[in-house]
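[1] can you look at this prediction? I've put the sequence above it.
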Amino acid sequence: MPETDKPLLAHLLRRAGFGATFQELDRYSQLRYEAVVDQLLHPELQPAIEEDVLERYYIDWKESRNIEGALTESVYRMNAYAGGRPLQEKIALFWHGVFATGLAKVLHEKTMLNQIDLFREQGLGNFRELLVGLAKDPAMIFWLDNNFNHKDAPNENWGRELLELFSLGVGMDGQENFTEGDVQSAARAFTGWTIDDDNVTSFPFGKLPWRFRYLPDDHDEEEKTFLGHTGNFNGEDIIDIIVEQPATARFISRHLYNFFVADDVQVPAWQHTPSGDPEAIKILEEEYFRSNYDIRSMLDVLFNSDFFKSDRVRFAKVKSPAEVVVGTLHLLGDFKFPKRGIFDVAMGCRYMGQDLLNPPSVEGWHTGEEWIDSGSLVERINFVADQVSDIHQPGVRAMVDALLDRTDELDPESVIDACLELMGHIRLHEKNKAHLTGEVRAMLAQRSALVAGSPEDRLFAENTVLHTMKMIGSSREYQFA
Amino acid sequence: MTSTNKDPILVVVQLTGGNDYINTVIPYQDPLYYDSRKRVSVTQEEVLPISDELAFNPALTAVKDLYDHGKVAVINGIGYPGPNRSHFRSMDIWHTCEPEKVGTEGWLGRAIRDLDPNAENVLTGVNFGRGLPRAMALTGVPVASVAVLETYGVLTGITGEQERIQALDLFSRMYSPIMGTGPVMDYLGSTGLDALKGADILKTVPAQYQSRIEYSDSIIGRNLQGIAKVLTANLGTRIFYTEQPGYDTHANQGPLHGILLDHLSHAINDFYEDLNEHDTADNVLIYLFTEFGRRVKDNGSGTDHGAGGLALAIGDPVTGGIYSEFPSMRPEDLEEGDLKYNIDFRGVYGTVAEKWLGLDAASIVGGKFEQLNFV
């Protein structure tokens, strides 16, 4: 079988995961593209990380007691699974962005992390089941005050955001997707969906995760009218009506496209601004209904589509901070086993503007170029530059050795081309490549960089490669996925 | 230390999440207040009266003190037609002055452009916090967004001086405009170059700053102190921005709202004292706003999204007092259970832009709106 196109695989792995190392691309290229997609879509068939090892080394994680601990654990897991089960982590990150719930209010790390586990376990499954799981998720209930949504005093927060942010969207094709009356009906249908407060314990017994509880006595049994349907609806009835709506198909399709294919305008503009690729959205909408709301099926269609493989969408996304941090750690092969220092690198996400588990609001993060401002860009550049030039990182060592094994004497063009390939088949614009070539040429002019020469020559050759990788990691182009 | 730069400076503080107007400036004599707020209210004994009708929340002691010295303008019932109760959308409207369509240009971005039309100073606008608020976003307008002042800079990991100079030189060439690479590449390029320039200037700031004022320990306190450091360094910054998150008090509002206001009140006062110590209080106007007020009737534990809100202008340039009417709380005067706004926020922005910054208000806020006289 001919080798599968590595730049295409690198593109797939940047989107379905956090990028791939050159060794991983060597392995994937022995499989057909469709088989790689299939493997990614079934993370549950790949080995799990050893939880007992994590518990032994990071003792406090089991009981994560602060936002930073929970953030660190999330980054550790994303990176630990970036090789074996990347899409499990990527889909969890996707839903965390859509169903944005934050510790600033929830203030209960274990409960919050359980919500992310829901996305890991069900994020590729049926959308109806996912919404039901979300409606029963204690972190979400608390985040949007459904525990204060009572039969005699409805609280609309969950009812409104369920429609506006989690399923229908405000509107599409210039129209409104729901009315204030629909919000009130949805809120009333979810009265009685609350948190089991028997489970709230105090020191020294630890913080047990919260649990869902349904209180029939607090549920509004009156008739409700929702999106043209009338009946004594409970929460699941509302979700049944929601998932049938063309607006929901559109909303989920656009979210998947925006996250996995190419940056779209920001979500609030979707009511009035159509997708840049309406054909692709139509294909995804059709698959949504055909598969009976199955996210895995939609992604199968997406990753195998021409619109995904197209050169037009390569590097058409600005990486999220989580993609920068985890993608870089994975490239380096760092923190694949517990050690000190994970906290400092995980906090990079926060400094770059993505405080995982603590989004700015229920509307999640603005994406695309809005990730970038002069503050966050500086954080990105410094993070990557410091990491990719550290020869003590196993991934960096492997890239440097692989490069130096190919050649006897370094010349600027081949050093740069090889670095770009080893770092994940990334591209530099010709002009920037020329600037970098000038720099590398000037470095190499300082002394002989005979790879097989003296130890000093070898060290000089290594440092030249490291500097090249540092400047590639600092480039604008590196910010694109 | 004497300030030589007396250009008017604006410091905007965003209270994120929808600050509960009615419990910040309290109509403590109005029985309708206590009827509507059965569970989420402040008693008449606790409030800090500023008139026969209105009083500050008891957490605002420091702001009350500034008010008593004529330094605080209370702007009642601020809003816009067709209030939107989504955080994100309403905040966008406040940032862009576009209630009808989704805008991308920020009003402060336009103000920065008008203050510095040739973008000569990359620090004309400085945000303290992570991410750039849309209010400051405008293509071609550089704004420094600083999370932590002390560690701000590009390629700081390179320690050799000569090596770093060389790397930064290459960096600036690799971030220079390339025709035909598209708006996002262009944007990243100009952002990188601006960051490089801004960082070079800002790295000198922390060492210059000296103050006897000890800021109270809160996020808003740290950010306002960062602003004071840059402001007193006289780098030509005219517009500063920061936010205090957490005002989305749907539940358990009582203690939560008090803590937020307490942090805010102390931070504002520390900042004002710091400006005084640096002899620059007379050219700084502090403006506080939020995306919406909250519903008149409480929900038993907190308050839901509403309309009609509050803005405060604070500082020496301000003519203190109560501006605009507190909207009627009579049920027949409410709009879907919310206060009806009586002053358009674009008129208040216009006041700040025209009377304080000396700019043409209409082009910044998108039209002519009634202005107030607090400056």
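    Perfect, thanks for sending it. Everything quoted here is computed from the prediction, not taken from an experiment.
[2] flag the shaky bits of the chain, pLDDT-wise.
    Assuming you mean chain A. A:62-65, A:198-207, A:448-452 (pLDDT under 70).
[3] let's do chain B instead
    B:1-5, B:88, B:102, B:130-131.
[4] close to chain A: what parts of the stretch 251-375 of chain B are there?
    With CB under 8 Å from any CB of the partner chain as the criterion, the stretch 251-375 of chain B meets chain A at residues B:251, B:299-302, B:304, B:336. For every residue, glycine as well, the C-beta is placed using N, CA and C.
[5] ok, those vs residue A:132, which is closest?
    Distance to residue A:132 across these (CB to CB) is lowest for residue B:251, with 23.1 Å.
[6] which element is the closest one on?
    Per DSSP states H and E: residue B:251 is located in neither a helix nor a strand.
[7] surely residue B:369 touches residue B:344?
    Yes - if you go by CB atoms under 8 Å, residue B:369 and residue B:344 touch, sitting 4.8 Å apart.
[8] now residue A:150. Its backbone dihedrals?
    Residue A:150 has phi and psi values of phi -110, psi 160 when expressed as degrees, to the nearest 10.
[9] touching, it and residue A:191? I think so.
    Yes - using CB under 8 Å, residue A:150 is in contact with residue A:191, at 5.9 Å.
[10] between the two, who's got more neighbours?
    With neighbours defined as other CB atoms under 10 Å in any protein chain shown, residue A:150 and residue A:191 compare such that residue A:191 has more, 23 against 19.
[11] returning to what we had before: and of the residues of the stretch 251-375 of chain B next to chain A, the nearest to residue B:182?
    residue B:304 (42.3 Å).
[12] tell me the secondary structure for residue B:10?
    Of the three states, residue B:10 takes strand according to DSSP: H, G, I helix; E, B strand; the rest coil.
[13] flag every buried residue along stretch A:158-176.
    Of the residues in stretch A:158-176, A:158-172 count as buried by neighbour count, 16 or more other CB atoms under 10 Å in any protein chain shown.
[14] in strands, which of those appear?
    Judged by DSSP state E, the subset of the buried residues of stretch A:158-176 located in strands is A:171-172.
[15] quick check, nearest of the buried residues of stretch A:158-176 to chain B?
    Among these, residue A:164 lies closest to chain B (CB to the nearest CB), at 6.4 Å.
[16] quick check, that closest one in contact with residue A:176.
    No - the pair residue A:164 / residue A:176 is not scored as a contact, 10.5 Å apart, by CB under 8 Å.
[17] what is in contact with those two at once?
    Counting by CB atoms under 8 Å, 6 or more residues apart in numbering or on different chains, the shared contacts of residue A:164 and residue A:176 are residue A:170.
[18] shared neighbours, residue A:150 and residue A:191?
    Common neighbours of residue A:150 and residue A:191, counting by CB under 8 Å, 6+ apart, are residue A:218.
[19] so residue B:117, which of the three states?
    When classified by three-state DSSP, residue B:117 comes out as coil.
[20] about what we covered before: just the buried subset of the residues of the stretch 251-375 of chain B next to chain A, written out for ChimeraX, thanks.
    Buried members of those, defined by 16+ other CB under 10 Å, are picked up in ChimeraX with:
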select /B:251,299,301,302,304
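[21] what about residue B:213, distance to chain A?
    Distance of residue B:213 to chain A, computed by CB to the nearest CB, to the nearest Å: 25 Å.
[22] what helix or strand is the closest residue to that residue other than its chain neighbours located in?
    The spatial neighbour of residue B:213 that comes closest, neighbours along the chain excluded (CB to CB, 6 or more residues apart in numbering or on different chains), is residue B:274 at 4.4 Å. If you go by DSSP H and E, residue B:274 is part of helix B:253-277.
[23] gap between the next helix-or-strand element following that helix and the chain center?
    As assigned by DSSP H and E, the chain's next helix or strand after helix B:253-277 is strand B:284-290. Relative to its chain's centre, strand B:284-290 lies at 5 Å (CA atoms, centre = their mean, to the nearest Å).
[24] same check on stretch B:335-352?
    Put simply, stretch B:335-352 sits 16 Å off its chain's centre (CA atoms, centre = their mean).
[25] for that stretch, how far is the first residue from the last?
    End-to-end distance of stretch B:335-352: 28 Å, with CA to CA, to the nearest Å as the criterion.
[26] next, count neighbours for residue A:97.
    For residue A:97, the neighbour count with other CB under 10 Å is 21.
[27] can you report phi and psi for residue B:311?
    phi -130, psi 150.
[28] and it, how many neighbours?
    28.
[29] quick one: contacts for it?
    Per CB under 8 Å, 6+ apart, neighbours of residue B:311: B:75, B:78, B:287-289, B:345, B:348.
[30] so is stretch B:80-98 next to chain A?
    Yes - counting by CB under 8 Å from any CB, chain A has neighbours in stretch B:80-98: B:85-89, B:92.
[31] and of the residues you listed, the nearest to residue B:326?
    Of all these, residue B:85 has the smallest distance to residue B:326: 20.5 Å, by CB to CB.
[32] pretty sure that closest one is in a helix, no?
    No - Residue B:85 is assigned coil when assessed by three-state DSSP, not a helix.
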